[in-house]
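> from the sequence below, what's the structure:
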Amino acid sequence: MTMGYDGNMMNGLNILPSFYDTISLNTAGQSVNTGIIWVGGCVAALFSGPVIDKWGRRPGMLAAALIACVGIPLQAAAQNPTMFVVSRLIVGIGVGLSSVACPTYCAETAPLQWRAFCLGLYYAFWYGGGMLASGVTYGTAKLLSSWAWRLPSLIQLVPALLCIAVLPFIPESPRWLMYHGREEEALEVLAIMSANGDTTDPVVMTQYKQVYDTVVFEKSNKASQNWLDAFRTPTNRKRMMLACSCAVIGNISGSGIISYYLGTMLSQAGITNTNTQLQINIYLSIWCLFMAVLGTCLADKIGRKNLGAGSMTVSLIFLYLVGAFTKLYGSGENYSGVLATVACIFLYQGIYSFGWTTLLVMYPPEVLNFSLRANGVSVYTFFSNGVATVVTFAFPFALAKIGWKTYMINATWDVLEVIFIILFWVETSNKTLEEIDELIDGEMHSDAPVLMAVMHGDVDVKAAIMPSAQDNGKEETSKQASITIT
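Now for the predicted structure:
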């Protein structure tokens with residue numbers, strides 16, 4: 001929500017006269033002001049994985065919110081471009097840390113039937129923050145004071161403060177607890193999340209066995225401890241390729257232009273009135289939030305691979321049309337042509353939100369195993385913020401120099417992204433994080449039954465778990481399985 005607020009806030013600030021009168025804005029200045037937050041995210045990614053692996057997912061989220069609470073007031077109080085840029089760098093570090101801790105926590109804690117919804121809704125709130133920001137900047141546009149732009153910047157504190165208020169009431173990740181030898185606490189969390197606290201529920205027993213066996217396997221096979229380990233083995237490299245593909249696709253698909261430079265796009269399309277631009281910004285945020293939540297609800301039914309390739313195929317068509325209509329009607333003389341351009345912007349961003357807002361933080365933690373997950377999401381975050389930095393720095397110059405051709409080039413690149421998804425992605429829908437290992441490693445590292453079969457009542461869990469643990473001589477595993485059964 002903080003990041004989405006930031007994107008739409010900068011959209012609004014770049015339109016507000018009171019902002020560029022205080023913080024001078026040539027093209028390079030606009031790029032730095034907007035893109036520096038992604039640099040902060042890259043800095044955070046360098047240390048986020050080890051921090052949340054050692055101290056836990058919840059402390060990581062708390063640290064992220066506190067860092068944001070330092071940077072945001074400084075940003076609102078900025079007296080010159082340098083102070084504004086430095087404060088946004090601090091905000092970026094906080095958001096970068098949360099970009100590792102939050103999706104890792106959601107993926108590891110949410111029950112199978114809710115994992116896609118939780119991860120999708122998490123990133124859909126990019127538009128929740130955007131909607132709030134677009135409304136606030138529209139309201140402050142009516143204020144003539146030179147400090148009017150500071151109010152939207154200060155209100156960016158709201159999501160961070162809400163996060164701090166909620167954290168005391170949520171449990172730690174059960175997989176992190178299991179990895180650190182706190183099996184009974186892990187069992188309790190799994191039971192709370194899946195069966196209203198019933199530790200003897202078959203779903204809880206199966207999840208516990210899968211998680212325990214997988215943690216034992218990963219520890220015995222020198223679990224990943226740092227960034228370099230993320231690329232140590234062929235399977236790790238495959239996992240990182242799949243995760244980092246989201247970083248590239250999510251940022252270079254064209255949405256970055258609309259997220260941060262909507263005002264420039266609308267001006268080139270023929271809409272130059274400030275109030276009209278701000279109103280369009282509000283409507284676009286509402287539309288994208290609706291589409292993102294819809295995509296989140298349907299993610300398991302459609303499947304990750306179909307959702308990624310399908311939404312990108314449809315959205316790139318509308319991006320081509322944005323370029324064509326901007327070329328034909330950018331003078332603003334043909335009002336119908338201008339409306340067609342705006343409609344294509346809405347359709348592009350809506351279809352993108354349906355698929356890719358849903359997938360951006362859903363797919364990476366799913367394809368990363370536990371020992372790789374925190375460091376892997378850190379690498380993903382570094383790549384994501386790095387690519388976003390390039391995009392936010394480069395696109396203002398591209399729009400200024402080649403205008404409508406920017407969209408044509410971007411849409412052509414999107415074709416290559418669709419081909420990559422079709423050829424290389426694996427389908428992770430309706431599988432636990434431990435069952436996904438079989439798709440990438442070639443085997444599941446637990447002899448527990450498949451969870452969906454248990455949920456459908458097709459497996460006798462006690463018969464499936466206990467004999468296999470004893471017959472294979474896995475005394476410790478049998479002991480842990482006995483805990484859940486008693």
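
> only C-alpha atoms from now on, for both contacts and neighbour counts.
OK.

> how close does F346 sit to V39?
In this view, F346 and V39 are 28 Å apart by Cα to Cα, to the nearest Å.

> could you point out which element follows the helix of greatest length in the chain?
In the chain, taking DSSP state H as the definition, the longest helix is helix 370-402. Proceeding N to C from helix 370-402, the next assigned helix or strand is helix 405-424, under DSSP states H and E.

> following that following helix, which helix or strand shows up next?
helix 437-441.

> so for that next one, what's the average pLDDT?
Taken as a whole, helix 437-441 has a mean pLDDT of 91.

> that one: how far from the chain's middle?
Averaging C-alpha positions (Cα atoms, centre = their mean, to the nearest Å) puts helix 437-441 23 Å from its chain's average.

> where are the low-confidence patches of this protein?
15, 17-18, 20-21, 24-27, 141-146, 222-227, 259-261, 462-464, 466-486 (pLDDT under 70).

> tell me the secondary structure for the nearest residue to G270 once chain neighbours are set aside?
Sequence neighbours aside, G332 is the residue nearest to G270 in space, at 4.0 Å (criterion: Cα to Cα, 6 or more residues apart in numbering). Look at G332: counting by DSSP: H, G, I helix; E, B strand; the rest coil, its state is coil.

> which residues touch G332?
G332 is in contact with A269, G270, I271, V338, counting by Cα atoms under 8 Å, 6 or more residues apart in numbering.

> which one of those residues has the most neighbours?
Among these, A269 has the most neighbours (other Cα atoms under 10 Å), with 27 neighbours.

> what about it, distance to I409?
17 Å.

> before we move on, back to that, take the contacts of G332 and keep only those in helices.
A269, V338.

> list just the nearest of the contacts of G332 to T357.
Closest approach to T357 among the contacts of G332 (Cα to Cα): A269, at 25.1 Å.

> wait, what's in contact with the closest residue to the closest one other than its chain neighbours?
In space, and not counting its chain neighbours, A269 is closest to G330: 4.3 Å by Cα to Cα, 6+ apart. G330 makes contact with Q268, A269, G270, V338 under the criterion Cα under 8 Å, 6+ apart.

> A28 now?
F393.

> so it: helix, strand or coil?
helix.

> quickly note the distance from it to P396.
From A28 to P396 the distance is 8 Å (Cα to Cα).

> and if you look at L319?
L319 is 17 Å from P396, where distance means Cα to Cα.

> neighbour-wise, which of those two wins?
Under the neighbour definition other Cα under 10 Å, L319 and P396 were set side by side, and L319 has more, 28 against 20.

> does the more buried one sit in a helix or strand, and which one?
Going by DSSP H and E, L319 is part of helix 304-329.

> got it, and L46?
Using DSSP H and E, L46 maps to helix 27-55.

> now do the buried residues in that helix.
Using 16 or more other Cα atoms under 10 Å as the test for burial, helix 27-55 gives 30-46, 48-53.

> what about that helix, distance to the chain center?
14 Å.

> tell me the angle that helix makes with helix 370-402.
180 degrees (axes from the mean of the first three to the mean of the last three Cα atoms, to 10 degrees).

> next structured bit after helix 27-55?
Per DSSP H and E, the first helix or strand lying C-terminal to helix 27-55 is helix 57-76.

> show me the contact partners of that following helix.
Contacts of helix 57-76 (Cα under 8 Å, 6+ apart): 48, 51-52, 83-85, 87-98, 101-102, 104-105, 150-151, 153-154, 156-157, 160-161, 163-164, 167, 171-173, 176.

> how about the CA coordinates for stretch 75-87, as PDB?
The C-alpha atoms that make up stretch 75-87 are tabulated as PDB, following Å, rounded to 0.1, in the frame of the first residue of the first chain:
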ATOM      1  CA  GLN A  75      10.200  13.700   2.500                       C
ATOM      2  CA  ALA A  76       7.200  15.800   3.500                       C
ATOM      3  CA  ALA A  77       9.500  18.400   5.100                       C
ATOM      4  CA  ALA A  78      12.000  18.600   2.200                       C
ATOM      5  CA  GLN A  79      13.300  22.100   1.600                       C
ATOM      6  CA  ASN A  80      15.200  21.300  -1.600                       C
ATOM      7  CA  PRO A  81      15.700  18.600  -4.200                       C
ATOM      8  CA  THR A  82      18.600  17.000  -2.300                       C
ATOM      9  CA  MET A  83      16.600  16.500   0.900                       C
ATOM     10  CA  PHE A  84      13.700  15.200  -1.100                       C
ATOM     11  CA  VAL A  85      15.800  12.600  -2.900                       C
ATOM     12  CA  VAL A  86      17.600  11.400   0.300                       C
ATOM     13  CA  SER A  87      14.400  11.000   2.200                       C
END
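
> mind listing what's buried in that stretch?
In terms of neighbour count (16+ other Cα under 10 Å), stretch 75-87 has its buried residues at Q75, A76, A77, A78, P81, M83, F84, V85, V86, S87.

> between the contacts of G330, which sits nearest I402?
So of the contacts of G330, ranked by how close each gets to I402 (Cα to Cα), first place is Q268, at 11.1 Å.

> quick one, what contacts the closest one?
So Q268 contacts T326, G330, S331, G403 (Cα under 8 Å, 6+ apart).

> which phi and psi does the third one have?
It refers to S331. S331 adopts backbone torsions of phi -70, psi -20, taken as degrees, to the nearest 10.

> neighbours of it, how many?
16.

> what's the separation between the closest residue to it other than its chain neighbours and N14?
Closest residue in space to S331, ignoring its immediate chain neighbours: G270 at 5.5 Å, by Cα to Cα, 6+ apart. Distance of G270 to N14, given as Cα to Cα: 17 Å.

> which residues touch the most centrally placed residue in the chain?
The chain has V361 as the residue nearest its centroid, 3.6 Å off, counting by Cα atoms, centre = their mean. Residues near V361 by Cα under 8 Å, 6+ apart: P103, L119, G120, Y123.

> got a quick PyMOL command for the buried subset of these?
Restricted to buried positions by 16+ other Cα under 10 Å, the PyMOL selection for the contacts of V361 reads:
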select buried, resi 103+119+120+123
